[in-house]
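1. Let me see the structure of the following:
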Amino acid sequence: MERARIPILIVAFFVLCLGIQQIAARPSHAGNCPSGGGCGCGTAYAPVICKGCRYTNMCHARCAGFTSKDCKDALN
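-> Numbers count the residues shown, from 1 in each chain. I've put the predicted structure just below:
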């Protein structure tokens, strides 16, 4: 158990940093973003940002009325 302590702490630190980054990256006007649900989109995680609004994937963004020209890959 002692040998696993350091790797567990490293993973916990990484997850915490990733969570803080995700909170900081959200646009302040996210409440004004059109909903991207209700179209039967899959749950594949390939996030996009369209005019300041973040969506799980391009299907959800299209559902909200955006085109691929309006969006960019959120992971790059």
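2. middle-most residue in the protein, spatially?
-> With distances taken as CA atoms, centre = their mean, residue 47 lies nearest the centre of the chain, 4.9 Å away.
3. Now do the closest residue in space to it that isn't next to it in sequence against residue 2, distance only.
-> Leaving aside its chain neighbours, residue 47 sits nearest to residue 74 (3.8 Å; criterion: CB to CB, 6 or more residues apart in numbering). In this view, the C-beta of every residue, glycine as well, is placed from N, C-alpha and C. With the distance defined as CB to CB, to the nearest Å, residue 74 ends up 39 Å from residue 2.
4. which intervals of the protein have sub-threshold pLDDT?
-> Residue ranges of the chain with pLDDT under 70: 1, 24-31.
5. Strands of that one, residue ranges please.
-> 48-50, 53-55, 71-73 (DSSP state E).
6. and the longest helix for this structure?
-> Assignment by DSSP state H gives helix 2-25 as the longest helix of the chain.
7. picking up where we left off before, more neighbours: residue 74 and residue 2, which one.
-> Shown here are residue 74 and residue 2; by other CB atoms under 10 Å, residue 74 has more neighbours (16 against 5).
8. Hmm, the more buried one is touching residue 48, no?
-> Yes: the pair residue 74 / residue 48 is scored as a contact, 5.7 Å apart, by CB atoms under 8 Å.
9. Pull up the overlap in contacts between these two.
-> Taking CB atoms under 8 Å, 6 or more residues apart in numbering as the contact rule, residue 74 and residue 48 both touch residue 54.
10. Counting neighbours, what do you get for residue 66?
-> Residue 66: 21 surrounding residues under other CB under 10 Å.
11. For it, give me its contacts.
-> Residue 66 neighbours (CB under 8 Å, 6+ apart): 50, 51, 53, 55.
12. quick revisit: in TSV, list the strands of the chain along with mean neighbour count and distance to residue 6.
-> Listed next are the strands of the chain as TSV, based on neighbours: other CB atoms under 10 Å; distance: least, CB to CB, whole Å:
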stretch	mean neighbour count	distance to residue 6
strand 48-50	21	36
strand 53-55	22	34
strand 71-73	14	34
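13. Make a markdown table from the ones you listed and add distance to residue 14 to it.
-> Below are the strands of the chain laid out as a markdown table (distance: least, CB to CB, whole Å):
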| stretch | distance to residue 14 |
| --- | --- |
| strand 48-50 | 23 |
| strand 53-55 | 21 |
| strand 71-73 | 22 |
